[in-house]
Every structure is written in structure tokens, then in C-alpha cells.
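S.K.: could you work out the structure for the sequence below:
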Amino acid sequence: MRLWEMFRRRPPIRQQGELADFIDAQAAFLVQKGIYEYSRARAGHYSKVLFAEPEFQHAVEQARWRAYPLGLAMAAEIIEGMLRPCAGEDRRAVLDPLISLVLSVFDRYPVPGGLAKDEWLQARRDLSRRIGYRGCCCGVQRFSRHKSPCTNSSACGIRRRIFGGFARAVRA
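M.R.: Numbering: from 1, shown residues only. Reported below is the predicted structural model:
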């Protein structure tokens, strides 16, 4: 029975917490995969020896936490690109709540060992700025099957459910 579960679709993301967990998992995977694959490619045949060394494991742990905010920014950019057609001309309607959500994901973690508190706080500020600047400006509507703003798209439904409360709270 477990074999068939592997081929089932994952349930859709319907709640803000589910989206936060998804962004967290994707950012962590992206960063860790990049670090490990790059290290494995550079080390070649000696990668198993390298991965067993405590100094290397410590360096990988520091690199993972330093790169984690970049992974969050990349995941946020993809999510914003998916939800952007639902916002119409008001890009900030999606972007501002998304920035808040991504920063809440970042805030789940205390200052990692090996990093200074100032460095971690600077990474948070850089993350906020990076998402605000990089939000999808490439005209995602070109690739959309529906006209923006819409009410029929599943992405727009997700936006209304997840970000609707944020938008009302921000306006108040």
C-alpha cells in the first residue's frame, strides 16, 4: 500500500500555515541540495571521505544557515509568480503579505550556532529587501490562461483564502 502512496498527488495548500511549511521545506531542500551537490562534484571520488570529516560537517552547517535566507527568497519569488496574476495591477496585494509570511518562516529559527546575532539579523533585513525588490516583474500574465484579476483560478482561490485576512489586517 505504501508504494501506491508515493504516486498520489499531495493535497493542495489551503491554509497560511501550510504555505509557510511548504516554503520552509522547499527553501531548506534547495539550499541543502545545492551545497551537497556542489561539494560532491568538487570533491569527486573523495566525497565520502570529505563528508565524514567533522570540520567539513561544521562548514556545511554554517553554509546551510547562511544560504537559507536566499532559499527563502527564491521560494517566495516562485510563489509570488504563481499568485501574481490574481492581483491584477496591484502587485503589492500579493507581495506584502508574502513578505510577512516568509519573514515569519525565517523567525521560526533562533540564531544558528556559529553565526553572530548581528549577522542573522542582517540576513533577515536583506531577505525582506530582496523579496520586495525581486518580486516577479516579468509579466507572468503572459503565461496565464485567465485574465487577471479573476475569480475562477485555483491560484486566485488560494490567494483569497491565504492572503485575504492579511490584506484586511494591513488595511485596518
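S.K.: all contacts plus neighbour counts: C-alpha atoms, from now on.
M.R.: Noted.
S.K.: show me where this structure has its helices.
M.R.: Listed in chain order, the helices of the chain (DSSP state H) span 2-5, 16-43, 47-52, 54-83, 92-106, 117-134, 154-171.
S.K.: dump the residue contacts of the closest residue to Ala67 other than its chain neighbours.
M.R.: Closest residue in space to Ala67, ignoring its immediate chain neighbours: Val31 at 6.3 Å, by CA to CA, 6 or more residues apart in numbering. Counting by CA atoms under 8 Å, 6 or more residues apart in numbering, Val31 makes contact with 64, 67-68, 71.
S.K.: same question, Val60
M.R.: Counting by CA under 8 Å, 6+ apart, Val60 touches Ile35.
S.K.: turn the helices of the chain into CSV, columns for mean pLDDT.
M.R.: Supplementary listing: those in CSV, determined by pLDDT from 0 to 100:
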stretch, mean pLDDT
helix 2-5, 76
helix 16-43, 93
helix 47-52, 91
helix 54-83, 92
helix 92-106, 92
helix 117-134, 88
helix 154-171, 43
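S.K.: coming back round to it: give the buried subset of the contacts of Val31 as a PyMOL selection command.
M.R.: Selecting only the buried members of the contacts of Val31 in PyMOL, with burial defined as 16 or more other CA atoms under 10 Å, works like this:
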select buried, resi 64+67+68+71
